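**Student:** Can you look at this prediction? I've put the sequence above it.
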Amino acid sequence: MPRIPRAISRISRARSVDLALVVFAAGLSVALAATGSNPLLMFPRMTVGTVVLDPVEHLVASATGSGWLRMYGPGALTGVCAALALGWRRRFPVAVAVLTLVLGLLSPAVTVSAMVALFTVAALRPQRVTARVAAAAALPVPLTMLFGAMPSTGFSVLGILLIAWTLVALAVGWGLFVRSRRMLVGTLTERAWRAEEDAARRALEAQARVREDIAREMHDVLAHRLSLLSVHAGALEFNTSAHPADVGQVAGVIRDNAHQALEDLRTVIGVLRAPAPAGGAAPGEAGAADGRPGPAAPEAPQPVLGDLDRLARESRAAGMRLRLELDVEDPDAVPALAGRTVYRIVQEALTNARKHAPDADVRVEVSGEPGGGVDVIVRNPVPATPARTAARAPAIPGSGQGLIGLAERTSLAGGQLRHGPTGGDYLVHAWLPWAA
């Protein structure tokens, strides 16, 4: 929308310039007609002009006793007609230029209008067309020399030729300069628009990546916590005759997991609410109000490979029969990205096992060494019957995006992930790089 007013403004400005040029050229044409022969012209008056206009001048002189027609003659009228033609120079630049060149054969007063027309052709038309029109504009003086009708001006023939060609070169050169400058400005403007569009696109892509990362993190963290809550709450609902001490213990586990889930949710929401710096950084990279780097939003410590023991204890406390085999000499030596990815893979696999095979034995194997990478295998038997019966709590709902998110996370870490049933078990197998 902002381009429309600018376009209207350019059209109004162009019309004002054209009107001023018409008035200016008409005034100079009348003045040149009054001075008679002048060497500083593109069109010395040729024989054809004398033959055509002299009878008209005598006719005007006998028909009018006085007035500007008698004073200036038909030459001024020819110049004014050429000036009026400049009103169409933008729509028909070549036609207007040819018209002024033809009228220039009749009267040298058309010089100013012809120069404006040549300038317009050079500014608006391709160089090939400009060269042809410029060559036509350079012909009147040589033709005058050929017919031997050069006026007596006190200048040599060569001097008059140089003056006429210089005027043609000035008009064409200035038009070419304006054309090249206009093309340069257009190119720079287009580049600026493209850069602005690219910056906006990159900002949107960065926001989308941040949202995907946050959504993946929320799924990995909250799905695990909420599945634990669902398992414990389902146990309370199913075992209504449990001992009060057992009920209190389960309620305490539910309370602790609920608090931890709320803490994780608070951390993620804090990242979302963190003010973004002026540079357009992603959420969680806050900056000061004056654009200088500021303190980042507080984030919870990210899990590492050594946190698998705690994850296994939480799952066992929820009633899962879990066997963890960690065959890594120094878990702290595993790169942070690989360790965090391994933790999320195991966490999601355990969450899925609780949803789809709550009574199955789950086996987690993690092994690796520098230079060989880290292997993660999580397997559990595929249940022969549905995971839940009518007498028990309904199945835990899921988004169906957990394994897809794991595949993306593993790929970003430079690893590979495959999953699916194999030999009566459901297998999740991942490999992650570990540089030597």
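**Tutor:** Looks like it arrived, so ask away.

**Student:** what packs against the helix or strand where Asp264 lies?
**Tutor:** Counting by DSSP states H and E, the element that carries Asp264 is helix 244-273. The contact analysis (3 or more Cβ pairs under 8 Å, 6 or more residues apart in numbering; DSSP states H and E) places helix 244-273 against helix 157-238. Using the backbone N, CA and C atoms, a C-beta is placed for each residue, glycine as well.

**Student:** can you give me the mean pLDDT across the helix it packs on?
**Tutor:** On average, the pLDDT along helix 157-238 is 81.

**Student:** what's near enough to touch the closest residue in space to Leu222 that isn't next to it in sequence?
**Tutor:** Excluding its sequence neighbours, the residue lying closest to Leu222 (Cβ to Cβ, 6 or more residues apart in numbering) is Ala261, at 5.9 Å. Ala261 sits next to Val221, Leu222, Arg225, Leu226, Leu229 when contact means Cβ atoms under 8 Å, 6 or more residues apart in numbering.

**Student:** Pick out the most distant pair among those residues.
**Tutor:** Pairwise distances across the contacts of Ala261 (Cβ to Cβ) peak at 13.0 Å, for the pair Val221 and Leu229.

**Student:** ranges for the helices of this structure?
**Tutor:** Listed in chain order, the helices of the chain (DSSP state H) span 3-35, 47-63, 68-85, 93-104, 111-124, 127-137, 140-147, 157-238, 244-273, 308-317, 336-356, 402-412.

**Student:** can you put those in CSV and add distance to Leu432?
**Tutor:** Compiled in CSV, the helices of the chain are given as follows (distance: least, Cβ to Cβ, whole Å):
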stretch, distance to Leu432
helix 3-35, 51
helix 47-63, 92
helix 68-85, 79
helix 93-104, 68
helix 111-124, 64
helix 127-137, 62
helix 140-147, 84
helix 157-238, 16
helix 244-273, 23
helix 308-317, 14
helix 336-356, 4
helix 402-412, 7
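
**Student:** Buried deepest among these, which one?
**Tutor:** Highest mean neighbour count of the helices of the chain: helix 111-124, a mean of 26 (counted as mean count of other Cβ atoms under 10 Å).

**Student:** what separates that helix from the chain centre, distance-wise?
**Tutor:** Its chain's average C-alpha position is 39 Å from that of helix 111-124, according to Cα atoms, centre = their mean, to the nearest Å.

**Student:** cool, stretch 253-265 as well?
**Tutor:** Worked out by Cα atoms, centre = their mean, stretch 253-265 lies 43 Å from the chain centre.

**Student:** can you check stretch 246-266 too?
**Tutor:** For stretch 246-266, the distance to the chain centre is 47 Å (Cα atoms, centre = their mean).

**Student:** next one: stretch 206-214
**Tutor:** With Cα atoms, centre = their mean, you get 19 Å for stretch 206-214.

**Student:** Same question for stretch 16-28.
**Tutor:** Offset of stretch 16-28 from its chain centre (Cα atoms, centre = their mean): 43 Å.

**Student:** Give me the mean pLDDT for it.
**Tutor:** Stretch 16-28 comes out at a mean pLDDT of 81.

**Student:** Check stretch 355-373 too.
**Tutor:** Mean predicted lDDT for stretch 355-373 stands at 88.

**Student:** hmm, back to that, can you check what angle separates the helix holding Asp264 from helix 157-238?
**Tutor:** 170 degrees (axes from the mean of the first three to the mean of the last three Cα atoms, to 10 degrees).

**Student:** Contacts for stretch 130-141, please.
**Tutor:** Everything outside stretch 130-141 that qualifies as a contact, by Cβ under 8 Å, 6+ apart, is 42-44, 46, 94, 97-98, 101, 104-105, 114, 118, 121-122, 125, 160-161, 164-165, 168, 171-172, 175-176.

**Student:** Arg418 is nearest to which of the helices of the chain?
**Tutor:** Of these, nearest to Arg418 by Cβ to Cβ is helix 402-412, at 8.8 Å.

**Student:** angle of that closest one against helix 157-238?
**Tutor:** 130 degrees.

**Student:** for helix 402-412, packing partners?
**Tutor:** Using 3+ Cβ pairs under 8 Å, 6+ apart: helix 402-412 touches helix 157-238, helix 336-356, strand 416-422, strand 425-432.

**Student:** which residues touch the closest residue to Arg409 other than its chain neighbours?
**Tutor:** Nearest residue to Arg409 in three dimensions, chain neighbours excluded: Thr341, at 5.8 Å (Cβ to Cβ, 6+ apart). By Cβ under 8 Å, 6+ apart, the residues touching Thr341 are Arg409, Thr410, Ala413, Gly415, Ala430, Leu432.

**Student:** Any chance of a markdown table for these, columns pLDDT and distance to Ser367?
**Tutor:** Shown next, in a markdown table, are these (pLDDT from 0 to 100; distance: Cβ to Cβ, whole Å):
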| residue | pLDDT | distance to Ser367 |
| --- | --- | --- |
| Arg409 | 82 | 20 |
| Thr410 | 87 | 16 |
| Ala413 | 86 | 17 |
| Gly415 | 91 | 14 |
| Ala430 | 93 | 12 |
| Leu432 | 92 | 12 |
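
**Student:** would you list those in CSV and tack on distance to Ala134?
**Tutor:** Output for those, formatted as CSV (distance: Cβ to Cβ, whole Å):
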residue, distance to Ala134
Arg409, 68
Thr410, 69
Ala413, 67
Gly415, 69
Ala430, 74
Leu432, 71
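
**Student:** wait, which of the residues you listed is closest to His243?
**Tutor:** Of the contacts of Thr341, the one sitting nearest to His243 (Cβ to Cβ) turns out to be Ala430, at 41.0 Å.

**Student:** Please report the distance of the closest residue to Gly414 other than its chain neighbours from Trp174.
**Tutor:** Of all residues not flanking Gly414 in the chain, Pro433 sits nearest, at 4.8 Å (Cβ to Cβ, 6+ apart). Using Cβ to Cβ, to the nearest Å, Pro433 is found at 65 Å from Trp174.

**Student:** Check whether Ala82 really touches Val102, as I assumed.
**Tutor:** No. Ala82 lies out of contact with Val102 (Cβ atoms under 8 Å); the separation is 9.3 Å.

**Student:** quick one: contacts for Val374?
**Tutor:** Val374 neighbours (Cβ under 8 Å, 6+ apart): Leu305, Val328, Val334, Ala338, Val342, Val366, Ser367, Gly368, Trp431, Leu432, Pro433, Trp434.

**Student:** bridging residues for it?
**Tutor:** Applying DSSP bridges to Val374 gives these bridge partners: Gly368, Leu432.

**Student:** Tell me how far it lies from Arg363.
**Tutor:** According to Cβ to Cβ, Val374 stands 17 Å off from Arg363.
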